[in-house]
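# my questions concern the predicted model and sequence given below.
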Amino acid sequence: MKRQLDAPLLAQESPQGDPIPDKNRREEDAGAAFVLESKGEWWHAGFHLTTAIVGPSILTLPYAFRGLGWCYGFLCLTVMGVVTFYSYYLMSVVLEHCEKSGRRHIRFRELAADILGSGWMFYFVIFIQTAINTGISIGAILLAGECLQIMYSELSPNGSLKLYDFIAMVTAVMIVLSQLPTFHSLRHINLGSLVLSLGYTFLVVGACIHAGTLESAPPRDYSLEPSEASRIFSAFTSISIIAAIFGNGILPEIQATLAPPVTGKMAKGLVMCYSVIFVTFYSAAVSGYWVFGNKSSSNILKSLMPDEGPSLAPTWVLGLAVVFILLQLLAIGLVYSQVAYEILEKKSADVRQGMFSKRNLIPRIVLRTLYVIFCGFFAAMLPFFGDINAVVGAVGFIPLDFVLPMLLYNMTYKPSRSSFTYWINNCIMVVFTGAGLLGTFSSVRQLVLDASKFKPFSSDIVD
């Protein structure tokens, strides 16, 4: 049904159970007032965006290339980059349009429910965002635990500590950091995260180039799976992984941290973020796949530090890269927990009592601690980092980042059906809906196959 765009009518017709808040209700919303307080500048949004997108998951790109090969790997990486930049820009424009109309939205779920006018859409977005946030939080803790395990195995090759011990250590640190009360309070941490992402990318690229020039360099084989069915499944799994690496899923919440008016600020933040993406994504993908080909691990550091034989790069280079990665993973875990914290704060806190009042501080500590423990437990129980990336990409990032922004733009601006914008948006929605469905099937299939190789709480991460 066609929606009217005036604010009073929207307030009356918003979904039952959790309506789109009007100004008065938002002032009493602790999730909005505390977690998503709006004080940031455009460069702060750039820091948040870069942390949300440019993470150690880029070390999975050579692994994704092994299911696509050189040509399709480059094509997929480029297409995903162009489409996600376009998608995020459209969403920022829609959010700015709503703000100018007197309906500033600070949550993805409220934006979708407002424009699409459907109660089920509100809960669909909550479900998808929860899957993304939890999946990325689990993946961040898991990979951070692996980083600690790598350093430990170099220092004590015969040590008794297992992967789940290091995951428990990371979980304890995350519990402490999770008590930072607002998204905006992460801005300095996320600036450090941006610098760290450039640092370990350059270190890993240099290590790969060094490994590729050694006389003992591994033999290079860029062939794909032998059977056609396996090649198809591997290709769609790789597409899902790349979608997850480019994915965000929390752009409205990041834009909510900007001090109003927000016009043009998110576009500047996106340009900053994608400048870092261009440098890091292509260099990591090319250097890693060039050296290891179809033997690339889901974490290229494992390929550079094989279980048998010496490391393929100087130990200090790899050690420094691991430290940088470990530190950035803490920032990523914090960023992707903010939507969960906002939901918890909205339900448990009283905005009239103050952010650090005893009434609000105790529930915040308890609920955030339980959430981090939940993520840490599943990270230890299910060590499938590459497969988790693929499933999260297909189930979460593809609908939120490749489908909904185009739909929201078309519903808001109603471009002519003969216009290029209308058709390109529809084509993107159709293509990526199909890719998401196939990617979900192939990713879950791969996860099931890998699950048979390991027992719960294994000490190794499966590729």
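The structure has been received and is ready for your questions. Bear in mind that the values here come from a model prediction, so they are computed numbers and not experimental data.
# where exactly do the helices run in the stretch 351-463 of the chain?
Per DSSP state H, counting those that start in this stretch, the stretch 351-463 of the chain carries helices over the ranges 358-381, 385-392, 404-413, 420-451.
# and the ones you listed, which is most packed in?
Of all the helices of the stretch 351-463 of the chain, helix 385-392 has the most neighbours on average by mean count of other CB atoms under 10 Å, namely a mean of 26. Placement of C-beta: from N, CA and C, glycine included.
# pLDDT (mean, whole number) over it?
Taken as a whole, helix 385-392 has an average pLDDT of 62.
# just to revisit the earlier point, right, and the helices of the stretch 351-463 of the chain - which one's nearest residue 254?
Of all the helices of the stretch 351-463 of the chain, it is helix 404-413 that lies closest to residue 254, at 13.8 Å by CB to CB.
# follow-up on the earlier one: out of the helices of the stretch 351-463 of the chain, which gets nearest to residue 313?
Nearest of these (CB to CB): helix 385-392, 21.0 Å.
# look through this protein and tell me its longest helix.
helix 119-155 (DSSP state H).
# what angle do it and helix 358-381 make?
Using axes from the mean of the first three to the mean of the last three CA atoms, to 10 degrees, one finds that helix 119-155 and helix 358-381 are set 60 degrees apart in direction.
# buried residues of helix 119-155, list them for me.
119, 121-122, 124-126, 128-129, 131-152 (16 or more other CB atoms under 10 Å).
# residue 327 and residue 196 touch, don't they?
Yes - if you go by CB atoms under 8 Å, residue 327 and residue 196 touch, sitting 5.7 Å apart.
# so for these two, which residue has more residues nearby?
Taking other CB atoms under 10 Å, residue 327 and residue 196 do not tie; residue 196 has more neighbours (24 against 17).
# is it true that the more buried one touches residue 324?
Yes - Residue 196 is within contact range of residue 324, at 4.6 Å (criterion: CB under 8 Å).
# how much space between the most far-flung residue of the chain relative to its centre and residue 312?
Using CA atoms, centre = their mean, the residue of the chain lying farthest from its centre is residue 215. It sits 37.6 Å away. Distance, residue 215 to residue 312, using CB to CB, to the nearest Å: 11 Å.
# for residue 262, same thing?
Applying CB to CB to residue 262 and residue 312 gives a distance of 47 Å.
# least trustworthy helix or strand in this protein by mean pLDDT?
Ranked by mean pLDDT, DSSP states H and E, the helix or strand of the chain with the weakest confidence is helix 7-13, at a mean of 36.
# contact partners for residue 39?
The neighbours of residue 39, taking CB atoms under 8 Å, 6 or more residues apart in numbering as the test, are 184, 257, 259.
# please indicate which of the residues you listed are buried?
Applying 16+ other CB under 10 Å to the contacts of residue 39 flags 184, 257 as buried.
# pLDDT and secondary structure added to the contacts of residue 39, as CSV?
Output for these, formatted as CSV (pLDDT from 0 to 100; DSSP: H, G, I helix; E, B strand; the rest coil):
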residue, pLDDT, secondary structure
184, 90, helix
257, 91, coil
259, 88, coil
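# closest one of the contacts of residue 39 to residue 442?
residue 257 (35.7 Å).
# which residue, other than its chain neighbours, is closest to that closest one?
residue 40 (4.3 Å; CB to CB, 6 or more residues apart in numbering).
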